[in-house]
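>>> after the sequence you'll find the predicted model.
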Amino acid sequence: MAKVSKPLCKICRRYGEKLYLKGRRCETVKCPLSPIEGKKKKGVSFIKRKKLSEYGLQLMEKNKVKFYYGVLERQFYRYFDMAKKKKGVTGENLLKLLESRLDNVIYRANWFYSRRTAKQVITHGAIEVNEKRVDRPGYIVKPGDVIKLHSNSKYIKTVKECIEEYKNHIVPSWLKVNGENLVIEIVREPERSEVTLPINEQLIVNFYSK
C-alpha cells in the first residue's frame with residue numbers, strides 16, 4: 001500500500017485543493033480548506049512560491065494526482081505506460097485506469113470513508129471480485145466484474161453504516177451498487193468527465209514525454 005508520510009492536510013494546502021486524503025472528513029468544517037462564512041480559519045496558510053516553470057507545473061500536476069489516488073511513483077508510471085499502449089487519448093486513459101482501481105471503486109461506491117481505509121480493507125482480504133479474494137488495492141476492474149464484501153468480514157457493519165450515512169451522495173453511473181446485499185457491479189468503463197478532481201492530464205503526459 002502506498003504510504004504518505006507527510007501530514008495530509010498540509011498536502012492539500014500545498015496544492016490549494018481538497019484531495020480528500022482523509023475521505024469524507026474533508027467535506028466537513030474540520031477541513032482547513034472548508035470556508036466558514038464571515039470567519040477566517042486559524043492555521044490555514046498556503047505556501048507562497050515563485051512562478052513555476054513549465055516543468056514545475058507538470059511535476060506538480062503529476063504529484064497531485066499521485067496523492068489523490070494514493071499511488072507511488074513506480075506504480076504511477078506503470079499506469080502511464082499502460083495508458084500509452086491503449087487506444088485513445090493517453091491522458092484520459094491514465095485517469096480511467098486510476099478510477100478503475102479496486103480501492104477507488106469501493107470508496108466511490110460509498111463503502112468506506114476514505115481511500116486509505118479502502119486500501120487497508122482490501123489488503124486484509126475482505127474484498128472479493130468475481131467470487132475470488134483480491135488483496136491488491138491497485139487491481140483494475142473491468143466491465144462485468146462483480147465486487148462483494150466477504151461474508152465473514154468484520155467490516156460488514158462499517159460498510160452498512162457508511163452506506164447509510166452517505167445514502168444521499170451520488171454514486172458514479174458506471175457503478176451499480178446494491179447496498180442491501182453489499183454488491184458492486186461494474187457497468188462500464190468510467191468516463192473522463194466523471195473524474196471529480198480538477199486535473200490537466202496533458203501536463204502529466206508532457207512530463208513523461210520528455
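Arrived safely, thanks for sending. The model shown is predicted, which means the values in this text are computed figures rather than measured ones.
>>> give me the mean pLDDT for the top helix by length along the chain.
Criterion DSSP state H: the longest helix present in the chain is helix 54-69. Mean pLDDT, helix 54-69: 92.
>>> for stretch 88-103, same thing?
On average, stretch 88-103 scores 97.
>>> now it: buried residues?
90-103 (16 or more other CB atoms under 10 Å). All C-beta atoms are positioned from the backbone trio N, CA, C, and that covers glycine.
>>> out of those residues, list just those in helices.
Counting by DSSP H, the buried residues of stretch 88-103 place 90-99, 102-103 in helices.
>>> which one of the buried residues of stretch 88-103 is nearest to T196?
The nearest member of those to T196, counting by CB to CB, is E99 at 9.7 Å.
>>> any idea how far the closest one is from V141?
Noted for E99: a distance of 10 Å to V141, by CB to CB, to the nearest Å.
>>> with E189 instead?
Distance of E189 to V141, given as CB to CB: 9 Å.
>>> what about the two, which has more around it?
A count of neighbours by other CB atoms under 10 Å puts V141 above the other of E189 and V141, at 25 against 15.
>>> model confidence for that one, exactly?
Here the pLDDT value assigned to V141 is 97.
>>> and if you look at K48?
50.
>>> same thing with the one 3 residues further on?
Confidence at K51, expressed as pLDDT, is 80.
>>> all helices for the chain, in order.
Going by DSSP H, the chain shows helices at 8-15, 54-69, 73-85, 90-99, 102-108, 115-123, 156-165, 201-208.
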